[in-house]
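Participant: kindly generate the corresponding structure for this input.
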Amino acid sequence: MTSGLTTSRPPSAEHRPTVAWLRDTRVRVLGSSPALEVAGRVLAQLGAQVVVDEAGAGDPAADVVLVDRIERPTGVPGRDAPTAAEYLEYVAGTNRSVWVTASAYGLSTRRADAYGSDLSVLAAGGILGHSRIGDEWAPIVPPGALGLKLVGYVMAVAALHGLHTLRAQGQPVHVDVSAQGAVIATGLTLEMAHALADCPDEGGSARYGAPSGFFDCLDGAVYVLVLEEHQWDAFRRTLSPALDDVATLEDARRRADDVNARLTEWAATRTAEECEQVLQAAGVPCTAVNSVTRFAERAQEAGRSVDLTGEGTPVLPAQITEAPGKRAADRAKSVIPLADLRVLDAGHVLAVPLAAAWLGAMGADVTKLEDPGRLDIYRRRGPFADGVPGLNRSAYFNQLNFCKQTLDVEVGRLGAALDVGAFDVVLTNLTPRRAKVVGVDGNSVLAAETPTLSLTSSGFGGTGAWSHYRAYGHNIHAFAGLVSATRDARGEMGDMGTPWADPLTSVALAAWTLAWSLAPERDSSAAVDVSMGELTAAQLTDLAGVDPAEAYRAPAVGGDFFVRLRDSRRMVAVSLRDADEVARFEAIVGRPLPPITTKGELADVGPLDREDLPELLLAEGFRVSEVLTAHDLARDVFVRSTGLFQPVDSTALGRYDVTGLPWQFVGQEPAALRAAPERPGTGTPKSSHAA
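Facilitator: Coordinates of the predicted model:
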């Protein structure tokens, strides 16, 4: 690295590489923050040479420079509080390669000079609006800094996209990452799909389940969610004869209270781990509610070799297998440009399809593998656009599968075959048995004649005692320690209202893929086995052994809290960091702020009269946001102005919006997106099949 920096430090033990794919990439992290910590560690794990410069002076010799302006104005040496315009001018004159900036709302928007906090980012991104236990209570706030850490993962992926773009265009690239956009495009994926497609009823997959929710056991609790007909059959047999008269999953949904009551009685006589093991053995998604410490212990006991304890905890936990000695094609001897990168999406539901859609939006050649006899559950089940059923009308499928083409392979039909060697990267989250039948399991990919990357995502990993476990996002939250560390407004154990593990995994899968394609050479195939549970737990290791009450204790001055506006349904998330901010806040709202004792509490200041309070406080430099929902965001004038929602054209639906990439290249228009692939005909989907 060049000299002239005030202070710098090399990567710590936390930055040990997992692979060497980015070994020729030099990264300089300017400053210190949760987002920068994660972004730097992700790139270091993928092999980059990462140096942290806490003084914040740019190094033009670096291949990637990372800057975080979310919580405070920074990024210009010698300036305490540079405006966004001053910062953009400085970057334009300094950048020689790829510069990545995260800000609360994006540098190219009218809120370029606004700032945020973990609380306000989760509020602005819609997560807190869907994490409620009732209108009279404050939202459920997750512990730690999950929102800002997520932005760090997105920054790493944006940096890798920037490196590809630099190679393609031959010009320096400034990547503008919006923290609000990052949360909307990931954690709010399903709710956003529901809102953008004008679906009736409430969003969220759990509403289709019976049984659904948390159930107390002798020594703890389990989370159970049944969404498939075959799962219901297995569940009914396990509890027989208690539910013998409830023949189908549809019947169970109509009698959800009765079904949940029978499970409550059954679980109350067993331990949490016994309930988990009995139901999982039958194929029912059930997981114990673990602490993150207990999850780490159980992962070791189950045969997972990833270390989730201590300073060395990887931010991209995975098990990696390589198959050396394969014939290296010409394309394996250099970087594979995005336009030439051939990706097979052999997945379903959420994590893999969203990762593949992002890769397609970046310019990769993405193929969606579909078996006409066993279509993605999201194609078959609603919510459907405008409430009208149809294989091409699923809001979830369309929002997760843009920028792809379809390859039909009728698994089991004589002559049907899949050539995985035709792809550079194969993504799958099918069960191990199904993946092997289809021919996209890790061993099949490793046997390809040319170097190929196999990326396998599952709830709890493809090896070990949990490899057969069925899971959905909220099962993973419970199993990996997120639920036990989370407290709602009553002080009781709670969970985020939207899937978090799935879209987080999507971002991680995109990072693995982009790093593989940027490797200077690939002389072997590689299989990367990603456990969504381990990835979720990696966000929580700083909370291991911490009493949740301590994790939610407010600072001595200020804190993170909510206030109500005059319309009692509207709530504002506020983060104050010192006495000066408290005094200025009290002067603006015209009322004293009572002592804040708990992170995320509803401050007793009474309804505030100013309807424009969120915008006023943002303009005054406060870290605030109204608590928004997906439907609020779908019609929000500001979000619409950012270009996050991109139009696509569909034969079945005409023109509709999808949530695009949460970053832009400064001075460039985003590439046009394509609608999800459509199937012939628009008939009503058939009922559930085994996935």
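Participant: make it CA atoms for all contacts and neighbour counts henceforth
Facilitator: Noted.
Participant: which residues of the stretch 151-300 of the chain fall in strands?
Facilitator: Counting by DSSP state E, counting those that start in this stretch, the stretch 151-300 of the chain has strands at residues 173-178, 212-216, 221-225, 286-288.
Participant: looking at the ones you listed, which is buried most?
Facilitator: Among those, judged by mean count of other C-alpha atoms under 10 Å, the one packed with the most neighbours on average is strand 286-288 (a mean of 30).
Participant: any chance of JSON lines for the strands of the stretch 151-300 of the chain, columns mean pLDDT and distance to Ala634?
Facilitator: Converted to JSON lines, those look like this (pLDDT from 0 to 100; distance: least, C-alpha to C-alpha, whole Å):
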{"stretch": "strand 173-178", "mean pLDDT": "98", "distance to Ala634": "17"}
{"stretch": "strand 212-216", "mean pLDDT": "92", "distance to Ala634": "28"}
{"stretch": "strand 221-225", "mean pLDDT": "95", "distance to Ala634": "28"}
{"stretch": "strand 286-288", "mean pLDDT": "96", "distance to Ala634": "33"}
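Participant: looking at the ones you listed, which is closest to Gly360?
Facilitator: strand 173-178 (17.9 Å; C-alpha to C-alpha).
Participant: could you dump the strands of the stretch 151-300 of the chain to CSV with distance to His194?
Facilitator: Output for these, formatted as CSV (distance: least, C-alpha to C-alpha, whole Å):
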stretch, distance to His194
strand 173-178, 22
strand 212-216, 20
strand 221-225, 20
strand 286-288, 26
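Participant: which one of those lies nearest to Arg342?
Facilitator: Smallest distance to Arg342 across these (C-alpha to C-alpha): 23.9 Å, for strand 173-178.
Participant: strands paired with that closest one, and their directions?
Facilitator: Here strand 173-178 is paired, per DSSP bridges, with strand 98-103 (parallel), strand 663-665 (antiparallel).
Participant: and Val572, that one's in a strand?
Facilitator: Yes - assessed with DSSP: H, G, I helix; E, B strand; the rest coil, Val572 lies in a strand.
Participant: and for it, the neighbour number?
Facilitator: Residues near Val572, counting by other C-alpha atoms under 10 Å, number 21.
Participant: hey, what's it bridged with?
Facilitator: Val563, Glu626.
Participant: the strands of the stretch 151-300 of the chain: which one's closest to Arg294?
Facilitator: Closest to Arg294 of the strands of the stretch 151-300 of the chain, according to C-alpha to C-alpha: strand 286-288, at 10.5 Å.
Participant: what's the spacing between that closest one and its chain's center?
Facilitator: Strand 286-288 sits 21 Å away from the centroid of its parent chain (C-alpha atoms, centre = their mean, to the nearest Å).
Participant: is it true that Ala81 lies in a helix?
Facilitator: No - with three-state DSSP as the criterion, Ala81 is coil rather than part of a helix.
Participant: name the nearest residue to it, ignoring sequence neighbours.
Facilitator: Excluding the flanking residues, the one nearest Ala81 by C-alpha to C-alpha, 6 or more residues apart in numbering is Pro73, at 5.0 Å.
Participant: how far away is the one you found from Val91?
Facilitator: Separation of Pro73 from Val91 (C-alpha to C-alpha, to the nearest Å): 14 Å.
Participant: now for those two: what residues contact both?
Facilitator: Here Pro73 and Val91 share no contacting residue, scored by C-alpha atoms under 8 Å, 6 or more residues apart in numbering.
Participant: before we move on, the earlier item: the residue nearest to Ala81 touches Asp80, doesn't it?
Facilitator: Yes - in this structure Pro73 lies within contact range of Asp80 using C-alpha atoms under 8 Å: 7.5 Å.
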